[in-house]
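1. Sequence first, then the predicted structure, then my questions.
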Amino acid sequence: MIIDLDLILSFANPIGAFVFALSGGIVAVRNKMDIFGAVVLAIITAVGGGTIRDIILNQPVFWLYDAVIIWCAIAGGLMAFFLHSFVDAFKPIRWADALGLAIFAIAGAAKTASLGHDPLFVVIMGILTGTGGGVLRDVVANRDPLLLKEEIYATAAMVGAGLYAALHFSGVPEGWAFAAGGLVAFVLRGAALVFGWHLPKSQL
Amino acid sequence: MIIDLDLILSFANPIGAFVFALSGGIVAVRNKMDIFGAVVLAIITAVGGGTIRDIILNQPVFWLYDAVIIWCAIAGGLMAFFLHSFVDAFKPIRWADALGLAIFAIAGAAKTASLGHDPLFVVIMGILTGTGGGVLRDVVANRDPLLLKEEIYATAAMVGAGLYAALHFSGVPEGWAFAAGGLVAFVLRGAALVFGWHLPKSQL
Amino acid sequence: MIIDLDLILSFANPIGAFVFALSGGIVAVRNKMDIFGAVVLAIITAVGGGTIRDIILNQPVFWLYDAVIIWCAIAGGLMAFFLHSFVDAFKPIRWADALGLAIFAIAGAAKTASLGHDPLFVVIMGILTGTGGGVLRDVVANRDPLLLKEEIYATAAMVGAGLYAALHFSGVPEGWAFAAGGLVAFVLRGAALVFGWHLPKSQL
């Protein structure tokens, strides 16, 4: 069975948008934004990474022709606003966030590979798609860039996108390469959460 | 009489750019930037929202073929720098800012509608165009995102752009839809300023 | 001898990327980011200005078809991370940064002029290309926008790009216009560093 990239993305994009929108909405509530600010920050977080990717790749912005993605982001923002104490206490939200990171990193890598770019750019655009929305969220909310500081966050995106690229350029079917890359990114990020893994810092 | 969108925008864009440039220049002066920083921040504030809109819509950036817009932004930045104490004391500046918000929100919505996009995107691009410049200003100046926190700011852009979209898609002539949407956005923002209206925040 | 713009840029872009990546990596180390954060911030600093330029000019992003630029940025980030105390003590780094500013400002101006834009936009895009990466670096690292505050920084980009534009539109060969503009930008920034020159600030 051939699994088509467009089919994969038609599921992956709305799911990733929803879970990232939750995280954007929670940051908005903590920053004492009103309901509208929560929805705006949720949308920025949900579609920011993919938007930068598409602009750099000179492709149509992915959500401009697929309103479902925006509705999923709005739903995530509203859910974070109204069910804040529930969502926040619900620790597995960090796992949902890890899922979003994994999905968007591989989605970004796969889209870049499908346009014929080199492996280096496939990996870079995977990192950018997976982490860009969170960076925009932190920049707009005037927070320190947590994603760049946290344990094995962008690194998980890089490893997952790298595995996807290795499989894709070896001729492995798209569905398998996508699943393997996403799984590795998710497990690596999850392990970092569970075991508190982190990379070395420079000795000052 | 048919009022053409291009004609409306040829007036709306320079006026909106000038009033937003004033606000950017004032923030620069308060942040102790020099005269050059004031002009740069004024330009970013004046054209930021429309630039992001045009990039996402894959259209030529609106000021790249209309130097008048840039000159209006430079004039606004210089005026804020040299007449700072006057402009700042001149309380109606907040009303000029509300005018800029209203103009750019409807201009962004109208441009998006003219490209054949759905109402959802017309409203979103209206909000983005009206508020994007101010968000960029606050991000570059490392301030909290006031526009997302303030009373009925982005909300006024949303309501105005929504009314414009409703009228536009009902077949109302462009001039009337533009005027009605802009008026409602301006009045709503003005009422929020006068009466201190705000939206509910999440109970933490 | 005719010196071709593409030839100039094939040298200027990697050199500029490397020296700017050093500055991005140093900021990352000071912000206690890990090795991966240092490389990401180095890449953002190195290619940020040119990326915004190319997106606004609706041109292919310059590093997407030239992997050497990205490798130079990665090398700069790693060098800053591992040799931090050496690089930081090595005061001439500020001169390397001034060199990057000069190179990128004129590269941005030259690319814009080659597309047939007016002198106003040639100068603006020169400023944007020279300073954009540093602004993105400071925004992502949640620092005050040093480049807009520092003595004669963006101003040096403006003067250099302005001289380039004057020579280019007077028919001076591209190689001479590029060299003269870059030299003036570098010397002006250097003089500001040595003598502590700065522009007037508004009297509050």
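-> Everything's here; your move.
2. Buried by neighbour count: which residues of stretch A:163-183 qualify?
-> Across stretch A:163-183, burial judged by 16 or more other C-beta atoms under 10 Å in any protein chain shown covers A:163-168, A:174, A:177-182. (Glycine included, C-beta is placed from N, CA and C.)
3. Serialize those residues to a markdown table and add fields for pLDDT and secondary structure.
-> Written out in a markdown table, the entries for these read as follows (pLDDT from 0 to 100; DSSP: H, G, I helix; E, B strand; the rest coil):
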| residue | pLDDT | secondary structure |
| --- | --- | --- |
| A:L163 | 97 | helix |
| A:Y164 | 96 | helix |
| A:A165 | 96 | helix |
| A:A166 | 96 | helix |
| A:L167 | 96 | helix |
| A:H168 | 95 | helix |
| A:E174 | 90 | helix |
| A:A177 | 94 | helix |
| A:F178 | 93 | helix |
| A:A179 | 93 | helix |
| A:A180 | 96 | helix |
| A:G181 | 96 | helix |
| A:G182 | 94 | helix |
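4. closest to chain C among the residues you listed?
-> Distance to chain C, by C-beta to the nearest C-beta, is smallest for A:A165 among the buried residues of stretch A:163-183, at 13.8 Å.
5. Surely the closest one and A:V122 touch.
-> Yes - with contacts counted by C-beta atoms under 8 Å, A:A165 reaches A:V122, the gap being 4.5 Å.
6. tell me, what's touching the two both at once?
-> Counting by C-beta atoms under 8 Å, 6 or more residues apart in numbering or on different chains, the shared contacts of A:A165 and A:V122 are A:A109, A:A113.
7. So which bits of chain A are right by chain B?
-> Proximity of chain A to chain B, by C-beta under 8 Å from any C-beta of the partner chain, involves residues A:28-38, A:40-41, A:43, A:51, A:55, A:60-61, A:64, A:67, A:70, A:81-82, A:84-85, A:139-142.
8. low pLDDT regions in chain A?
-> Scanning chain A with the threshold set as pLDDT under 70 gives A:1-3, A:87-93, A:146-151, A:198-204.
9. circling back: would you write a ChimeraX line that selects the buried entries of the residues of chain A next to chain B?
-> Buried members of the residues of chain A next to chain B, identified by 16+ other C-beta under 10 Å, are gathered into one ChimeraX selection as follows:
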select /A:28,29,31,33,34,35,36,37,38,40,41,43,51,55,61,64,70,81,82,84,139,140,141
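10. Please list which of the residues of chain A next to chain B are also close to chain C.
-> Contacts with chain C within these, counted by C-beta under 8 Å from any C-beta: A:I55, A:V139, A:N142.
11. The last one and B:V140 touch, don't they?
-> Translated: A:N142. No - using C-beta under 8 Å, A:N142 is not in contact with B:V140, being 11.4 Å away.
12. what number of residues lie near A:G16?
-> Counted by other C-beta atoms under 10 Å in any protein chain shown, the residues lying close to A:G16 total 31.
13. same thing with A:W197?
-> A count of nearby residues for A:W197, using other C-beta under 10 Å, gives 14.
14. Find the helix or strand that it is a member of.
-> Assigning secondary structure by DSSP states H and E places A:W197 outside every helix and strand.
15. Help me confirm that it comes into contact with A:I152.
-> Yes - here A:W197 reaches A:I152: they are 5.2 Å apart, a contact under C-beta under 8 Å.
16. any common contacting residues for the two?
-> Both A:W197 and A:I152 are in contact with A:A191, where contact means C-beta under 8 Å, 6+ apart.
17. host element of A:A161?
-> helix A:154-169.
18. What lies in contact with that helix?
-> Defining contact as C-beta under 8 Å, 6+ apart, one finds that helix A:154-169 is touched by A:98, A:101-102, A:105-106, A:108-110, A:113, A:119, A:122-123, A:125-127, A:130-131, A:147-148, A:174, A:176-178, A:180-186, A:188-189, A:192, A:199, C:36-37, C:40.
19. give the contact list for A:S10.
-> A:D66.
20. For it, give its distance to chain C.
-> With the distance defined as C-beta to the nearest C-beta, to the nearest Å, A:S10 ends up 26 Å from chain C.
21. again, but for A:G37
-> In terms of C-beta to the nearest C-beta, A:G37 sits 19 Å off from chain C.
22. do you know how far the closest residue to A:L64 other than its chain neighbours is from C:F195?
-> Taking C-beta to C-beta, 6 or more residues apart in numbering or on different chains, and ignoring the residues beside it in sequence, A:L64 has B:F121 as its nearest neighbour in space, at 6.3 Å. Shown here: B:F121 relative to C:F195, a distance of 53 Å by C-beta to C-beta, to the nearest Å.
23. more neighbours, those two?
-> Taking other C-beta under 10 Å, B:F121 and C:F195 do not tie; B:F121 has more neighbours (23 against 10).
24. Ramachandran angles for A:D34?
-> For A:D34, the backbone dihedrals (degrees, to the nearest 10) come out as phi -80, psi -180.
25. and it, what are its bridge partners?
-> In this structure, A:D34 bridges to B:K201 when assessed by DSSP bridges.
26. That one and A:P145: what is the separation?
-> Using C-beta to C-beta, one obtains 25 Å as the distance from A:D34 to A:P145.
27. Check A:M79 too.
-> A:M79 sits 25 Å away from A:P145, taking C-beta to C-beta as the criterion.
28. I'd assumed the residue nearest to A:L64 was in a helix, is it?
-> Yes - assignment of B:F121 by DSSP: H, G, I helix; E, B strand; the rest coil places it within a helix.
29. which one of A:M79 and A:P145 has more residues nearby?
-> Of the pair A:M79 and A:P145, A:P145 is the one with more neighbours under other C-beta under 10 Å, namely 23 against 19.
30. residues touching A:L9, list them.
-> For A:L9, the contacting residues are A:F62, A:A107, A:A110, A:K111, by C-beta under 8 Å, 6+ apart.
31. surely the first one meets A:D54?
-> Pointing back at A:F62 there. Yes - the pair A:F62 and A:D54 qualifies as a contact (C-beta under 8 Å) at a distance of 5.6 Å.
32. just so I have it, where are all the helices in chain A?
-> According to DSSP state H, chain A carries its helices in the segments A:5-30, A:35-56, A:67-82, A:84-89, A:93-114, A:119-140, A:146-149, A:154-169, A:174-195.
33. Including distance to C:I8, could the ones you listed go into CSV?
-> Rendered in CSV, the data for the helices of chain A read as follows (distance: least, C-beta to C-beta, whole Å):
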stretch, distance to C:I8
helix A:5-30, 39
helix A:35-56, 24
helix A:67-82, 42
helix A:84-89, 54
helix A:93-114, 29
helix A:119-140, 24
helix A:146-149, 34
helix A:154-169, 33
helix A:174-195, 39
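34. Those helices: which one's closest to B:F11?
-> The closest approach between B:F11 and any of the helices of chain A, judged by C-beta to C-beta, belongs to helix A:35-56 at 28.4 Å.
35. could you say what helices and strands the closest one packs with?
-> Using 3 or more C-beta pairs under 8 Å, 6 or more residues apart in numbering or on different chains; DSSP states H and E as the contact criterion, the secondary-structure elements in contact with helix A:35-56 are helix A:5-30, helix A:67-82, helix A:93-114, helix A:119-140, helix B:35-56, helix B:146-149, helix B:154-169, helix C:35-56.
36. Tell me which of those sits nearest to B:F20.
-> Smallest distance to B:F20 across those (C-beta to C-beta): 4.6 Å, for helix B:35-56.
37. Please state the offset of that closest one from the chain centre?
-> For helix B:35-56, the separation from the chain centroid amounts to 11 Å (computed by C-alpha atoms, centre = their mean, to the nearest Å).
38. Then stretch A:99-111?
-> Its chain's average C-alpha position is 6 Å from that of stretch A:99-111, according to C-alpha atoms, centre = their mean.
39. Then stretch A:51-66?
-> Taking the mean of its C-alpha atoms, stretch A:51-66 sits 15 Å from the chain's own mean (C-alpha atoms, centre = their mean).
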